[in-house]
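> how does the following fold in three dimensions:
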Amino acid sequence: MSTEDILAHVDATIETRLQRLFQLIRIPSISTDPAHAEDCRRAAEWLADDLQSLGADASPRATEGHPMVVGHLPAPEGKPRVLFYGHYDVQPADPLELWETDPFEPTLRPAPDGDTHIVARGASDDKGALMTFVEACRAWVEVRGALPVGVSFLFEGEEESGSRSLLPFLDETAKELTCDAVLVCDTDMWDAKTPAITTMLRGLVGQEMTITCADRDLHSGMFGNAARNALTLMTEILASLRTPDGGVAIEGFYDGVEELPEEVRRMWSRLPFDEEKFLADVGLSIPAGEKGRSVREQVWSRPSCEINGLWGGYTEPGFKTVIPAKAHAKVSFRLVAGQDPQKIRDAFRAHVEARMPADCTVEFKDHGLSPAVSMPADGPYLKASLAALAEEWGDAAIGGTGGSIPIVGALKKYLGADALLVGFARFDNRIHSPNEKYDLSSYHKGIRSWVRILERLAQA
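This is a model prediction of the structure:
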């Protein structure tokens, strides 16, 4: 069935759809700031009312933190049900003096490439992305009277501040949110003209450790050589985490890690990617990490180990000749499918403890355990969505990301459904930074893309 009538309706009403986005953006729903708790509640109520205007059974749901918004539109007989996830909360706008316009008054600004930028906090992350899907559903209802698939909505109000209410909420509502697939629109396009479906998200293990040697800092002249230096011990242990060829030396670290599927490797190879420019843009020129692996492969599909912080001893101005009694470090591991975060954490701790002298101690602190997520490259919903995107944009890509989106793993755990991460944002959208923007083409073509995807999902 053609969707040309719905797409034409989107084009004819895009200004009205843009104004609705502006209404949502104007609510400063900053979840981390208690002073904006009422704004978060207002944003949740605005979204629930908006979903109700589509005919959805929708309401804000109370949590110990900011409200969740849940809504449902019925599924035609024999058609799948999808769950669309987004978040209505935003990052603080600070530092305000770096904004060129009011961060909560959306401004349209001509772009050098002929596009138009929607400049405001949340324009991209995640209000603009969220509303592309809502407006696509609205267009279906306005033209056809109903959607071609069943749709449930889950809008969170604490994504930018740790999602502390999410897991308890999913524990209570998993049955209500049962679906065949999860849709997420919080990722990027491959380039300005090519949308991407992210099929690989790396998991995360964060660890902080403190090594204690002597019972106090010591005079380096009186105790040098004879007394153990906590910083020296720490750096020796951190150095032991890597192999000479750039791999990770922790026993069992690569258990369960599989090579990239050949179909995905071929798709990646045809996508434009300049490894030299990727590094040059951050002032580097020589690839690190595993030898024999491309930069793109290392960032998207291989696990990593990175030292994020290291401190101890005297670090103030001037000089103090001490042997530090304590040393501290923060280490993170990005994981891929097949790796168990708990096992990686335990293996890391065992690696460290095995290298500790008998008269020294180490303490650990967790900073997050989340699994990697990998979606099947040959899944019917993925193929349907790729075909829909190619119809709208001329091409579409399967991509990965080096980052982690814990919500995707949580939804997989509670609902048992794979997620399609369809992104229309661009890398230069300045999310979390002053002068955040969303391209008008991303918003307009994003709505059109979801119109097509919904139709294709009904046929999958």
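> and the gap between Trp393 and Thr194?
Separation of Trp393 from Thr194 (CB to CB, to the nearest Å) stands at 7 Å. Bear in mind the C-beta positions are built from the backbone N, C-alpha and C, glycine included.
> overlap in contacts, those two.
Contact with both Trp393 and Thr194 is made by no residue, according to CB atoms under 8 Å, 6 or more residues apart in numbering.
> what sits up against the strand or helix carrying Phe348?
Using DSSP states H and E, the element containing Phe348 is helix 341-353. Applying CB under 8 Å, 6+ apart, the external contacts of helix 341-353 come out as 203-205, 207, 209, 237, 240-241, 249-253, 255, 331, 333, 335, 362, 364, 366, 369-371.
> 6 Å - rerun?
For helix 341-353, the external contacting residues (CB atoms under 6 Å, 6 or more residues apart in numbering) are 203, 205, 237, 250, 252, 333, 362, 364, 369, 371.
> just the ones of those residues in strands?
For the contacts of helix 341-353, the ones inside strands are 203, 205, 333, 362, 364, 369, with DSSP state E as the criterion.
> max pairwise distance over these: which two?
Gly203 and Val362 (23.8 Å; CB to CB).
> the two: who's more crowded?
Neighbour count, other CB atoms under 10 Å: between Gly203 and Val362, Gly203 has more, with 24 against 18.
> what sits against the more buried one?
Taking CB under 6 Å, 6+ apart, one finds 335, 341, 370-372, 404 in contact with Gly203.
> partner residues bridging it?
Taking DSSP bridges, one obtains Leu335 as the residues bridged to Gly203.
> okay, it: pLDDT?
Note for Gly203: predicted pLDDT of 87.
> over to the one 4 residues further on?
On the pLDDT scale, Gln207 is placed at 96.
> not counting its neighbours along the chain, what's nearest it?
Distance criterion CB to CB, 6 or more residues apart in numbering; nearest residue to Gln207, sequence neighbours excluded, is Val331 at 5.1 Å.
> quick one: the one you found from Phe348, how far?
7 Å.
> in this structure, which helix is the longest?
Of all segments of type helix in the chain, defined using DSSP state H, the longest is helix 440-459.
> what about the chain, any weak spots by pLDDT?
1, 402, 404 (pLDDT under 70).
> before we move on, back to that, looking at this, the residue nearest to Gln207 is in a strand?
Yes. Counting by DSSP: H, G, I helix; E, B strand; the rest coil, Val331 is part of a strand.
> domain boundaries for the chain, per the record?
Following automatic domain parsing, the chain resolves into domains at 4-201+373-459, 203-258+296-370.
> I'd like to know which of the ones you listed lies nearest to Arg266.
That would be domain 4-201+373-459 among the domains of the chain, by CB to CB, at 10.3 Å.
> Arg17 and Tyr88: what is the separation?
17 Å.
> of those two, who's got more company?
The neighbour comparison of Arg17 against Tyr88 (other CB under 10 Å) goes to Tyr88, with 29 against 19.
> need phi/psi at that one.
Note on Tyr88: its backbone torsions stand at phi -100, psi -10 [degrees, to the nearest 10].
> which one is it nearest to, not counting chain neighbours?
Using CB to CB, 6+ apart, the closest residue to Tyr88 is Ala43 (4.6 Å).
> let me see the contact set for the one you found.
27, 29, 88.
> sec struct for Asp50, please.
helix.
> now render the ones in strands among the contacts of helix 341-353 as TSV, adding distance to Glu160.
Formatted as TSV, the ones in strands among the contacts of helix 341-353 follow (distance: CB to CB, whole Å):
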residue	distance to Glu160
Gly203	20
Val205	22
Phe333	23
Val362	33
Phe364	27
Leu369	20
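> closest to Gly318 among these?
For the ones in strands among the contacts of helix 341-353, the nearest to Gly318 is Val362 (29.7 Å; CB to CB).
> what's the distance between that closest one and Val248?
Val362 is 19 Å from Val248, by CB to CB.
> buried residues in the helix holding Phe348?
Buried positions in helix 341-353, judged by neighbour count with 16 or more other CB atoms under 10 Å: 341, 344-345, 347-348, 351-352.
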